[in-house]
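>>> Please find the sequence and the predicted model below.
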Amino acid sequence: MITLPTVRGTLTADRLLADLTWLRVGGPADYLFQPADEADLCAFLADLPVEVAVFPMGVGSNLIVRDGGLRAVVIRLGRGFNTILCEGNQVVAGAAALDAHVARRAAEAGLDLTFLRTIPGSIGGAVRMNAGCYGSYVADHLISVRCVTRAGNVVVLTKADLELGYRQSTLPEGWVIVAATLAAAAAEPALLAARMEDQIAKRDASQPTKDRSAGSTFRNPVGYSSTGKADDSHELKAWKVIDDAGMRGARRGGAQMSQMHSNFLINAGGANAADLEDLGEEVRKRVFQQSGITLEWEIMRVGERLAE
């Protein structure tokens, strides 16, 4: 029996995670830790036995937790980690601050981080996955991130340290991002507000925002990713090869590939994690059979499957 450190925040054993994910699926974590502040997080990780796995979790917007749950301590940051400060041409955002809130607060201060407005999730996850939209990525703006290591030490990493790529970084396993500093160009607040309204209208017209989804299910095929670089090719998208394979609207149990946007995997009602993941794997199989393209998951899948 492992003895866990005493905390000032909240530490809950056998905590079901389904209600903490956008898809509303997932089994229990061994423990869920919600630290009171950075010092509480540092002390906990410093005293946590090294053999205990740690999984930092944001708002669960891009995540499938499997039905058997996670053999780990899940760390979820909340109040105390969601501040947003605008100073000069920089924005310092806590890891728990929602991307949309950061975009709005920056715009009010005349700083352009509008690409974040329609990205689901929080800043910690956006940094870890180098989130992007409309040709802009976190990598284009990131100055530094403040992290707590698995050993409980506070370190500051630069953009170069993270080696940000398309939907990926080299953040070490078990490290927890607590804040990020982003650079932003100055612009008129009214213009930024109008741009964000336009982005929201376009998103709502093309994506199933009223359904339970986890955002884009698969990365765009290699060589056709929206990197925003001059040599970008937008000719081939994941939704197009899914359509070509006849998988728009495909179902398994309560899981469905959205009729509105076929690269969105949705919980249409009563789905479990296995339904969702198995449907995704069926899509990957059919796409490969039809086009020879191997789709890569963009949604993170973690935890254990239940025994058949």
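Arrived safely, thanks for sending. Residues are numbered from 1 along each chain as shown.
>>> what packs against the least confident helix or strand in the chain by mean pLDDT?
Least confident element among the helices and strands of the chain, by mean pLDDT, DSSP states H and E: strand 132-133 (a mean of 85). Contact here means 3 or more CB pairs under 8 Å, 6 or more residues apart in numbering; DSSP states H and E; on that basis strand 132-133 packs against no helix or strand. C-beta: built from backbone N, CA, C; applies to glycine.
>>> Work out the sheet partners of the helix or strand just after that strand and label each with its direction, please.
Moving toward the C-terminus from strand 132-133, the next helix or strand (DSSP states H and E) is strand 136-137. Partner strands and pairing direction for strand 136-137 (DSSP bridges) are strand 132-133 (antiparallel).
>>> Domains in this structure, by residue range?
10-76, 84-191, 208-302 (automatic domain parsing).
>>> M247 against L265, yeah?
No. Using CB atoms under 8 Å, M247 makes no contact with L265, being 10.6 Å away.
>>> Same drill for these two, tell me which one is more crowded.
Legend: neighbour count by other CB atoms under 10 Å for M247 and L265, higher for L265 (31 against 21).
>>> For I200, which of the domains of the chain is the nearest?
Smallest distance to I200 across the domains of the chain (CB to CB): 6.3 Å, for domain 84-191.
>>> Check whether the closest residue to E304 other than its chain neighbours sits in a helix, strand or coil.
Nearest residue to E304, sequence neighbours excluded (CB to CB, 6 or more residues apart in numbering): G68, at 3.4 Å. Three-state call for G68 (DSSP: H, G, I helix; E, B strand; the rest coil): coil.
>>> quick revisit: between the domains of the chain, which gets the lowest average pLDDT?
Lowest mean pLDDT within those: domain 208-302, at a mean of 88.
>>> mind listing what the residue nearest to E304 touches?
Each residue near G68 by CB atoms under 8 Å, 6 or more residues apart in numbering is listed here: 27, 303-307.
>>> Tell me where the stretch 201-308 of the chain has helices.
238-244, 273-291 (DSSP state H, counting those that start in this stretch).
>>> TSV please, covering those helices and showing distance to A194.
Compiled in TSV, the helices of the stretch 201-308 of the chain are given as follows (distance: least, CB to CB, whole Å):
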stretch	distance to A194
helix 238-244	28
helix 273-291	36
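>>> looking at the ones you listed, which is closest to L171?
helix 273-291 (23.7 Å).
>>> So what would you say the end-to-end distance of stretch 199-218 is?
Stretch 199-218 has its terminal residues 21 Å apart, counting by CA to CA, to the nearest Å.
>>> Ignore what I typed, I meant stretch 150-162.
16 Å.
>>> in it, what's buried?
By neighbour count on 16 or more other CB atoms under 10 Å, the buried set for stretch 150-162 is 150, 152, 157, 159, 162.
>>> With stretch 205-221 instead?
Using 16+ other CB under 10 Å as the test for burial, stretch 205-221 gives 207-208, 211-221.
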